[in-house]
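Trainee: sequence and predicted model, in that order:
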Amino acid sequence: MNDKRLLACAALCSGRPDGRAADVGTDHGHLAVYLVQQGICGTAVACDINEKPLGSAKENIRRAGLEDRISTCLSDGLDCVPSEGITDVVIAGMGGELIADIISRADWIRTERVNLVLQPMTKWDHLRQYLWDNGFEVTRELPCTEGRFVYSVMQAVYVGGRQRGECSLAYLYGGLTDGSTEDGRAYLQRQAQRLETAGRGLMRSPDKAVTAQRYLAAARELRERIGG
Ligand SMILES: C[S@@+](CC[C@H](N)C(=O)[O-])C[C@H]1O[C@@H](n2cnc3c(N)ncnc32)[C@H](O)[C@@H]1O
């Protein structure tokens, strides 16, 4: 597998040879196959809401000779996924709102024993806010660029209902990413641009001037992380 984004997801799995991963929205099943082939987990369940991608995952699992170690499951999110023994849940390549919705419907992942690996394509701010508000802590993020796309893969775990303050806009857009790597700088740059575009748009409405300034200040904060 040479998909940088999925490799970043694999890098944030807990890496326990006795572990069991659920790959939610598996599509082709490449990630589930890679995780088991590399010994990043012992077994996996590849799940998808649609028959067609699940069929393609089944075929790839069969070709890899891993039918005894990777099961498949037709499921909306984690709704029909047997929870027993799952140590890692990967939800990649979907919108942040859908990822948050899938997490919200699975009570059994509210434990420190389950490592979540989340890769939103859009609405990262919604997902970070959901995690912040619902007792999940993002413990690590891996930014990654692929062509003109730049993503941040998050690792999160349930820590319970600790009191937390407000979550800043710079955090909602930039997460834990710093400017120490090229991919990190690219991510922060892209997110700062997004904040600036939103901020300038808000400036056009006089009653939104305060919000606009918040966006522009958050953009400056991300640019400072890059170092300029
Ligand atoms: C863009 S693909 C991402 C595939 C792979 N996870 C990746 O990151 O490359 C999204 C996949 O998620 C599946 N999907 C969409 N909504 C889902 C849901 N609610 N539950 C499970 N799978 C879903 C789609 O059928 C599709 O196969």
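Mentor: All right, it came through fine. Bear in mind the structure is a predicted one, so any value in this text is a computation, not a measurement. Residues are numbered from 1 along each chain as shown.
Trainee: now the residue nearest the centre of the chain: closest residue in space that isn't a chain neighbour?
Mentor: Closest to where the C-alpha atoms of the chain average out (Cα atoms, centre = their mean) is Leu118, at 1.8 Å. Spatial nearest neighbour of Leu118, chain neighbours left out: Met154 (4.7 Å); criterion: Cβ to Cβ, 6 or more residues apart in numbering. For the C-beta atoms, the positions are set from N, CA and C on the backbone; glycine is no exception.
Trainee: who does the one you found bridge with?
Mentor: Beta-bridge pairing of Met154 under DSSP bridges involves Leu118, Glu141.
Trainee: please tell me how far it sits from the ligand.
Mentor: 13 Å (Cβ to the nearest ligand atom, to the nearest Å).
Trainee: about what we covered before: wait, doesn't the residue nearest to the centre of the chain sit right on Val157?
Mentor: No: counting by Cβ atoms under 8 Å, Leu118 sits too far from Val157 to count as a contact (11.2 Å).
Trainee: please, which helix or strand holds the closest residue to Thr87 other than its chain neighbours?
Mentor: Nearest-residue entry for Thr87: Gly19, 3.9 Å, with adjacent residues in sequence omitted and distances by Cβ to Cβ, 6+ apart. Under the criterion of DSSP states H and E, Gly19 resides in strand 16-24.
Trainee: by contact count, what packs against the very next helix or strand once past that strand?
Mentor: Once strand 16-24 ends, the next helix or strand along the chain (criterion: DSSP H and E) is helix 30-37. With contacts taken as 3 or more Cβ pairs under 8 Å, 6 or more residues apart in numbering; DSSP states H and E, helix 30-37 sits against helix 4-11, strand 16-24, strand 41-48, helix 51-63, strand 70-74.
Trainee: would you map out the domains in the chain?
Mentor: Taking automatic domain parsing as the criterion, the chain consists of the domains 4-163, 182-226.
Trainee: okay, the ones you listed in JSON lines with mean pLDDT and distance to Leu172 next?
Mentor: Listed next are those as JSON lines, based on pLDDT from 0 to 100; distance: least, Cβ to Cβ, whole Å:
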{"stretch": "domain 4-163", "mean pLDDT": "97", "distance to Leu172": "4"}
{"stretch": "domain 182-226", "mean pLDDT": "96", "distance to Leu172": "8"}
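Trainee: could I get those domains as a markdown table with distance to Gly175?
Mentor: Shown next, in a markdown table, are the domains of the chain (distance: least, Cβ to Cβ, whole Å):
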| stretch | distance to Gly175 |
| --- | --- |
| domain 4-163 | 5 |
| domain 182-226 | 8 |
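Trainee: who in this protein is up against the ligand?
Mentor: Residues of the chain lying close to the ligand by Cβ under 6 Å from any ligand atom are 6, 24-27, 47-50, 53, 76-77, 92-94.
Trainee: list the contacts of the longest helix belonging to the chain.
Mentor: In the chain, assigned by DSSP state H, the helix with the most residues is helix 182-203. Applying Cβ atoms under 8 Å, 6 or more residues apart in numbering, the contact partners of helix 182-203 are 143-145, 150-152, 169, 173-174, 177-179, 208-209, 211-216, 218-220, 222-223, 225-226.
Trainee: thank you kindly, that will do.
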